[in-house]
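*Asks:* let's see this in three dimensions:
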Amino acid sequence: MLRRTKIVATVGPATDSLEVLTEMMRVGVDVVRLNASHGTVADRRRRLSLVREAAQRADKCIGVLLDLGGPKIRIEGFRDGPVQLVEGAAFTLDTALDPKAGTAARVGVAYKDLPRDVAAGDTLLLCDGQIVLHVERVGDTTIDTRVRVGGELSDRKGLNRQGGGISAPAVSVRDHEDIQFVADEGVDYMAVSFARDAADIEQARALLRAAGGEARLVAKVERHEAVDNLAGIIEASDVVMVARGDLGVEMGYAELTGLQKTIIHETRTRNRVVITATQMMESMIQNPVPTRAEVSDVANAVMDGTDSVMLSAETATGRYPVKAVQAMAQVIEGAEKYQLTHTRPQRIKEGQFQGTEEAIAMAVMYTANHMKVRAIVALTESGATPLWMSRIRSDIPVYAFTRHEATRRRVTLYRGVYPVIFDVTGSDNSTENLYRALFTRLLELQLVKKRDLVILTKGELSGVQGGTNSMQILKVTLD
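*Replies:* Next up, the predicted model:
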């Protein structure tokens, strides 16, 4: 059985070796994430070139996702290195302080409007909630707090207001250069950090299209406001990421598992793709094997129906990037084996079909789940029909046969969909020759055997986007 849930892996210093990156792809990476929160555009361009070279070496189609830095609220730096905040001590956040002049009593803040967004009585959280500050007074440039939960604090750590309410726009000034990079380099997906509502996603899409980019938009759900506006955000985006780090800090960790399940369900119901991310195998930054809790966490997301799971620091800066990918692939396969034994395939979206392509896709999946079909072949231009098929749970692989490299890379994120190079316009228009070409390709790749049943979807006019209007049940033969 093919692994259906896809693996997104973040690149960084630990993956700057071509050999390491190639091996990661061979053992399971489907999509590579470039994190724009760190490094420069030149760093990202260098790593993207490395990714594409490694993909060629691994002989594998690899998608690329660029994650915009967005308005991550961070403190500035400390004069003499990390400090220890003691419970009960006074601590001041000062937007006017020199960025390198922090002490155990006060530190600068990169976001200059922070005093406008907080008030006395608020709770501020540092280091993903590990340090808790109670706001006592707010001045023009200062926020005086009392340390409620202490700990070590170092340069450039993230800061959140419990319950949300930070007014910084989702697309920051420095993001514009990265948006142009996405357009210039033909990156497949662009993630919008700290989106509050549909308007933030629409703004990012407009900026990207104006720059000449065609990437699909990923909405990262990590703000309290995003949860309140979830339905609109899903509709405005192509992909939703359950960004559990900041989301857990703003919403509280007790709600996180329920929120994850809700976001996955709502996203799939609306025919969008979903990524589950953050600290999935965090211990593997330092250790060669995951904890049992991490295994359960990844398996739980897989069984909830996520399209993909993501590795962050585990591969970007960890000691065992290849082993982290291998471990995640093994956990996914184990979870899917259990899920497919215990879950009946069902349509999860109610109401009217959006169009002919969706109707065909649903008919295909119902048929495939009630016949001994070896594979589903979708002749596709944009990847839309395979996407709709992937919304139904099934163990039958969907092969997206397409001539477009961008479409092949795009479907690497879809659960249970696999890209295959095939130019439907390259042969003559006779049905007999088309079937022969399809069967030859399937047999070459050892995806089926002779006399297996496959389902084919295609349009009347070959090579026309949005034209899928038929399904056929075929027996593989070259006679």
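*Asks:* okay, CA-based contacts and neighbour counts for the rest of this
*Replies:* Fine.
*Asks:* give me the distance between residue 137 and residue 90.
*Replies:* 11 Å (CA to CA, to the nearest Å).
*Asks:* any shared contact partners between these two?
*Replies:* By CA atoms under 8 Å, 6 or more residues apart in numbering, residue 137 and residue 90 have these common neighbours: 144, 145.
*Asks:* any weak-confidence spans in the protein?
*Replies:* For the chain, applying pLDDT under 70 flags the ranges 1, 340-351, 426-429, 460-466.
*Asks:* show me it divided up by domain.
*Replies:* Here the domain parsing of the chain from automatic domain parsing is 6-70+169-339, 83-161, 356-475.
*Asks:* and those as TSV, adding distance to residue 77?
*Replies:* Output for the domains of the chain, formatted as TSV (distance: least, CA to CA, whole Å):
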stretch	distance to residue 77
domain 6-70+169-339	16
domain 83-161	4
domain 356-475	37
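*Asks:* mean neighbour count for those domains - can I get that in CSV?
*Replies:* As requested, the domains of the chain are exported to CSV (neighbours: other CA atoms under 10 Å):
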stretch, mean neighbour count
domain 6-70+169-339, 20
domain 83-161, 19
domain 356-475, 19
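*Asks:* how about those, which one is nearest residue 76?
*Replies:* domain 83-161 (4.9 Å; CA to CA).
*Asks:* endpoints of that closest one, how far apart?
*Replies:* End-to-end distance for domain 83-161: 21 Å, by CA to CA.
*Asks:* so what's the gap between that domain and the chain middle?
*Replies:* 31 Å (CA atoms, centre = their mean, to the nearest Å).
*Asks:* which strand or helix spans the residue most central in space within the chain?
*Replies:* Most central in the chain under CA atoms, centre = their mean is residue 275, positioned 4.1 Å from the mean C-alpha point. Assessed by DSSP states H and E, residue 275 sits inside strand 273-277.
*Asks:* picking up where we left off before, distance check, the residue nearest to the centre of the chain against residue 49.
*Replies:* 24 Å.
*Asks:* now residue 43
*Replies:* According to CA to CA, residue 43 stands 10 Å off from residue 49.
*Asks:* cool, and residue 433?
*Replies:* Between residue 433 and residue 49 the computed distance is 38 Å (CA to CA).
*Asks:* and what of residue 169?
*Replies:* Distance, residue 169 to residue 49, using CA to CA: 31 Å.
*Asks:* same thing with residue 436?
*Replies:* In this view, residue 436 and residue 49 are 37 Å apart by CA to CA.
*Asks:* just residue 245 next, same as before
*Replies:* From residue 245 to residue 49 the distance is 29 Å (CA to CA).
*Asks:* helices of the stretch 201-350 of the chain, start to end?
*Replies:* Counting by DSSP state H, counting those that start in this stretch, the stretch 201-350 of the chain has helices at residues 224-228, 230-236, 244-251, 256-269, 292-304, 313-316, 321-342.
*Asks:* scratch that, the stretch 51-200 of the chain
*Replies:* Using DSSP H, counting those that start in this stretch, the helices of the stretch 51-200 of the chain run over residues 114-117, 175-185, 198-210.
*Asks:* which one of those lies nearest to residue 28?
*Replies:* With CA to CA as the measure, helix 175-185 is the member of the helices of the stretch 51-200 of the chain nearest residue 28 (23.9 Å).
*Asks:* ok, residue 187 to residue 50 distance?
*Replies:* On the measure of CA to CA, residue 187 and residue 50 end up 14 Å apart.
*Asks:* which residues sit in contact with residue 294?
*Replies:* Applying CA under 8 Å, 6+ apart, the residues near residue 294 are 280, 281, 282.
*Asks:* reformat those residues as a markdown table; add distance to residue 165.
*Replies:* Shown next, in a markdown table, are the contacts of residue 294 (distance: CA to CA, whole Å):
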| residue | distance to residue 165 |
| --- | --- |
| 280 | 27 |
| 281 | 30 |
| 282 | 28 |
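*Asks:* among the residues you listed, which one sits closest to residue 159?
*Replies:* Nearest to residue 159 among the contacts of residue 294 is residue 282, at 20.3 Å by CA to CA.
*Asks:* tell me how far that closest one lies from residue 300.
*Replies:* Using CA to CA, residue 282 is found at 16 Å from residue 300.
*Asks:* likewise for residue 147?
*Replies:* Counting by CA to CA - residue 147 and residue 300 are separated by 35 Å.
*Asks:* and what of residue 186?
*Replies:* In terms of CA to CA, residue 186 sits 33 Å off from residue 300.
*Asks:* between the two ends of stretch 398-413, how far is it?
*Replies:* In stretch 398-413, first residue to last residue: 13 Å (CA to CA).
*Asks:* now stretch 16-35
*Replies:* This stretch, stretch 16-35, spans 14 Å end to end (CA to CA).
*Asks:* what does it contact?
*Replies:* Around stretch 16-35, the neighbours that count as contacts under CA under 8 Å, 6+ apart are 6-12, 15, 44, 47-48, 50-51, 53-55, 57-58, 60-69, 321-322, 325-326, 329, 412-413.
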